[in-house]
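A.B. asks: here's a sequence, model it:
(chains A and B)
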Amino acid sequence: DVKVTQSSRYLVKRTGEKVFLECVQDMDHENMFWYRQDPGLGLRLIYFSYDVKMKEKGDIPEGYSVSREKKERFSLILESASTNQTSMYLCASRRGTGGREQYFGPGTRLTVT
Amino acid sequence: AQSVTQLDSQVPVFEEAPVELRCNYSSSVSVYLFWYVQYPNQGLQLLLKYLSGSTLVKGINGFEAEFNKSQTSFHLRKPSVHISDTAEYFCAVGNYQLIWGAGTKLIIKP
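C.D. replies: The predicted model follows:
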C-alpha cells in the first residue's frame, strides 16, 4: 500500500512566522502535489513536482514556495504566514509513468493567529 | 478550460436507502474521472475511477458510477447506504492535473 505521511496533523502559528509542512511518500512516486482544502471550494492546487528538484505552480501559488530535494519528500513553505492561509493542507503523490490516481496524506490543519 | 460541478453540497438520506451523488464536468478533451471519499479528520481515499472501457465502474464499499459522455456526467450511486458512509465525497477530472468539485457531504439519517 502507498503511504503518504505529513509531519503534523494540527499546527498553530502566528502571523508572520515561517511555516514548513513536510510530506513523505514511500512508494517511489515521481509526482507530488500540495493542495489546500477550504469548505465549499474543494481542493485547490498550490504547487506540484514531477521529479526531484522540479516544481510547477498550481492555481494558487501566491504566498507559498516548495522544495523537493529528495524523491520521497516534498515540502511546502509559507514564507510569512497570514490569517488567510488558515486551512487544511493535503499532500498527494502519484506514479509518474502510467499513473493516474493520486494518493493522499492525512492532511495538516493549519491555524494562523 | 475544465470545470467540475457537484450539484449538491449536502445529501441527507435514510440508512439503507439508495443514494446518488451528482457530478457534471466540462472539458474539451478526453479526461479521466475519479470519485474520492474523505471521512472526518482524514485525507482523501480513492473510491473508483474511469479511465476507459466500460462506462459502469465499480468501486470500494459497494459504490459504483456511470460515465455518460453525452451528458458529461459521472454520478456516484449506492443501492443501500450505511451509517459508516457518512463522509464528504469529491469528484475530480483531468489528465495530468486534476480539477476538483466542491464536494458533497453525505448525511445518513438513522
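A.B. asks: mind telling me what element the most centrally placed residue in chain B is part of?
C.D. replies: Closest to where the C-alpha atoms of chain B average out (CA atoms, centre = their mean) is B:W35, at 4.0 Å. Assigned by DSSP states H and E, B:W35 falls within strand B:32-38.
A.B. asks: what packs against the following helix or strand past that strand?
C.D. replies: The first helix or strand that comes after strand B:32-38 along the chain, using DSSP H and E, is strand B:44-50. Under the contact definition 3 or more CB pairs under 8 Å, 6 or more residues apart in numbering or on different chains; DSSP states H and E, strand B:44-50 sits against strand A:103-104, strand B:32-38, strand B:56-58, strand B:64-68, strand B:73-78. To be clear about C-beta, it is placed using only N, CA and C from the backbone, and glycine gets the same treatment.
A.B. asks: which among the ones you listed is found nearest to A:H29?
C.D. replies: strand A:103-104 (7.6 Å; CB to CB).
A.B. asks: what's the mean pLDDT across that closest one?
C.D. replies: Taken as a whole, strand A:103-104 has a mean pLDDT of 94.
A.B. asks: and after it, which helix or strand comes next?
C.D. replies: Sequence order places strand A:108-112 as the next helix or strand after strand A:103-104, per DSSP H and E.
A.B. asks: what lines up beside that following strand in the sheet?
C.D. replies: strand A:10-13 (parallel), strand A:87-94 (antiparallel) (DSSP bridges).
A.B. asks: pull out the buried positions in that strand.
C.D. replies: Of all the residues in strand A:108-112, those buried under the rule 16 or more other CB atoms under 10 Å in any protein chain shown are A:108-110, A:112.
A.B. asks: and if you look at stretch B:95-103?
C.D. replies: Those would be B:98-103, for stretch B:95-103 by 16+ other CB under 10 Å.
A.B. asks: what's the end-to-end length of it?
C.D. replies: 20 Å (CA to CA, to the nearest Å).
A.B. asks: residues making contact with it?
C.D. replies: A:40-45, A:48, A:58, A:102, B:2-6, B:9, B:23, B:25, B:29, B:31-32, B:34, B:38, B:88-93 (CB atoms under 8 Å, 6 or more residues apart in numbering or on different chains).
A.B. asks: those residues, buried ones only, as a ChimeraX selection?
C.D. replies: The ChimeraX command for the buried members of the contacts of stretch B:95-103 (criterion: 16+ other CB under 10 Å) is given here:
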select /A:42,43,44,45,48,58,102 /B:4,6,23,25,31,32,34,38,88,89,90,91,92,93
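A.B. asks: which of the contacts of stretch B:95-103 fall within helices?
C.D. replies: Using DSSP state H, no member of the contacts of stretch B:95-103 sits in helices.
A.B. asks: among the contacts of stretch B:95-103, which lie within strands?
C.D. replies: Among the contacts of stretch B:95-103, the members falling in strands (DSSP state E) are A:42-45, A:48, B:3-6, B:23, B:25, B:32, B:34, B:38, B:88-93.
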